[in-house]
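Engineer: 3D, please:
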Amino acid sequence: MRSSYKFITFFMLLLIFILAITAQHTLCEPQTEKPIVVCTTSVLYSIVKDLAGDSVEAVMIVTPSVCPAHYDIKPGDVETIAKAQLVLYHGFEPWINSLVEASGTKAHVVKIGGPWNTPDYLKEKYEAVANCLQEYLGIDVSSRLEKCLAAIDKTANELKAEAAEIEADKVNVVCMTWVKGFVSWLGFNVVADYGPPEKLSTAQVDELIQKSRDGGAILVIDNLQSGTRFGEYLSSELGLVHVVLTNFPYTEPELVNCTMVMERNAKALFDAVSTYKHGAAAVKLESELSLWKTISFALVAIALIEGFAIAFLWRKLGK
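Structural biologist: Residues are numbered from 1 along each chain as shown. Have a look, this model is predicted:
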């Protein structure tokens, strides 16, 4: 009995020793953490998410509703950059250099420059980010890149087909400069464009209004991140349909990448054209009804005059 007790005690002590060694080994073993990729905007963030998925921890600095050029650095941004292994930026963020210097980061800081709001430009951005992930983090995203590029091409073909159906090339518009690339790519005829509203002089606004009238514009197309008040004023002044596009994903919950942004923007434009056409048809119908009312009143008046004339002659002849 005593022998059996000793055996059990020995076995329990051995088990505790093994568990302790295993736990110590686990605690001492270096933890493999996901590399942190900091992106200045939701554009770059969405591309990293599309390509790398959960293999990295992607962080966005500027919320999509704010123009990145006007962003005010927050204390937490310095810490975010300091922890990063890779930092991606566009080149129009005036605060990025001071932020990188203040953080003392050892991360690779890479500029992904140029526009992204047309299919070809967007594909270039995906390819550039894919190269960065491979070169600096050793992450191969070639298979996901291929799928993303195919999705962009598919969307582009569908949108161009819809634009052809509504004869976008016959639709004259005025738009904010930063959405002009996409609007022109769809086929719309841009008769005038304008820069940041806060920089427009009174003379420039007057010239823009005149160009819009002379060019027969039917839409005023705004950029959400630049503000929409000027576009509202312009559309009201000219009696045109106001449309607001976004250049950044995540301004709406379902817009998780730039391909979806293109779909959303195209739909907004197509719907605006439809609204204008229905409005124009209603105005035409109202005008025609007004004309027929005028003609009807005129005929009634003529009939009354003729009636009075006949009655007058009848009386005169009767005498």
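
Engineer: tell me how the chain divides into domains.
Structural biologist: When the chain is parsed with automatic domain parsing, its domains come out as 36-155, 166-275.

Engineer: can I get these in CSV including mean pLDDT?
Structural biologist: As requested, the domains of the chain are exported to CSV (pLDDT from 0 to 100):
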stretch, mean pLDDT
domain 36-155, 97
domain 166-275, 97
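
Engineer: these into JSON lines, with extra columns for mean neighbour count?
Structural biologist: C-beta: built from backbone N, CA, C; applies to glycine. Converted to JSON lines, those look like this (neighbours: other CB atoms under 10 Å):
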{"stretch": "domain 36-155", "mean neighbour count": "18"}
{"stretch": "domain 166-275", "mean neighbour count": "18"}
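
Engineer: helices of this protein, residue ranges please.
Structural biologist: 2-28, 42-52, 75-83, 96-103, 119-137, 142-165, 180-186, 202-214, 229-238, 258-318 (DSSP state H).

Engineer: from the chain's centre, how far out does the shortest one sit?
Structural biologist: Right, helix 180-186. 13 Å (CA atoms, centre = their mean, to the nearest Å).

Engineer: that helix packs against which elements?
Structural biologist: Judged by 3 or more CB pairs under 8 Å, 6 or more residues apart in numbering; DSSP states H and E, helix 180-186 is in contact with helix 142-165, strand 189-194, helix 258-318.

Engineer: how far away is residue 159 from residue 265?
Structural biologist: Distance, residue 159 to residue 265, by CB to CB, to the nearest Å: 9 Å.

Engineer: then residue 232?
Structural biologist: Residue 232 is 18 Å from residue 265, by CB to CB.

Engineer: likewise residue 101?
Structural biologist: According to CB to CB, residue 101 stands 36 Å off from residue 265.

Engineer: who are the contact partners of residue 85?
Structural biologist: 35, 36, 37, 107, 108, 136, 137 (CB atoms under 8 Å, 6 or more residues apart in numbering).

Engineer: one more time with 7 Å
Structural biologist: 35, 36, 107, 137 (CB atoms under 7 Å, 6 or more residues apart in numbering).

Engineer: can I assume the first one is in contact with residue 56?
Structural biologist: Okay, so that is residue 35. Yes. In this structure, residue 35 is within contact of residue 56 by CB atoms under 7 Å, at 5.2 Å.

Engineer: contacting residues for the nearest residue to residue 83 once chain neighbours are set aside?
Structural biologist: Residue nearest to residue 83 in three dimensions, not counting chain neighbours: residue 36, with 5.4 Å by CB to CB, 6 or more residues apart in numbering. By CB under 7 Å, 6+ apart, the residues touching residue 36 are 57, 59, 83, 84, 85.

Engineer: rerun at 6 Å
Structural biologist: 57, 83, 84, 85 (CB atoms under 6 Å, 6 or more residues apart in numbering).

Engineer: dump stretch 97-112 to PDB, keeping only the CA atoms.
Structural biologist: Extracted C-alpha coordinates of stretch 97-112, given in PDB (Å, rounded to 0.1, in the frame of the first residue of the first chain):
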ATOM      1  CA  ASN A  97       7.500  63.700 -42.700                       C
ATOM      2  CA  SER A  98       7.200  65.400 -39.400                       C
ATOM      3  CA  LEU A  99       5.100  62.500 -38.100                       C
ATOM      4  CA  VAL A 100       7.700  60.000 -39.200                       C
ATOM      5  CA  GLU A 101      10.600  62.000 -37.600                       C
ATOM      6  CA  ALA A 102       8.700  62.500 -34.300                       C
ATOM      7  CA  SER A 103       8.000  58.800 -34.000                       C
ATOM      8  CA  GLY A 104      11.600  57.700 -34.600                       C
ATOM      9  CA  THR A 105      10.200  54.700 -36.500                       C
ATOM     10  CA  LYS A 106      12.400  52.100 -38.000                       C
ATOM     11  CA  ALA A 107       9.700  51.200 -40.500                       C
ATOM     12  CA  HIS A 108      10.000  51.300 -44.300                       C
ATOM     13  CA  VAL A 109       8.200  54.500 -45.400                       C
ATOM     14  CA  VAL A 110       7.000  54.100 -49.000                       C
ATOM     15  CA  LYS A 111       5.200  56.600 -51.300                       C
ATOM     16  CA  ILE A 112       2.400  55.200 -53.400                       C
END
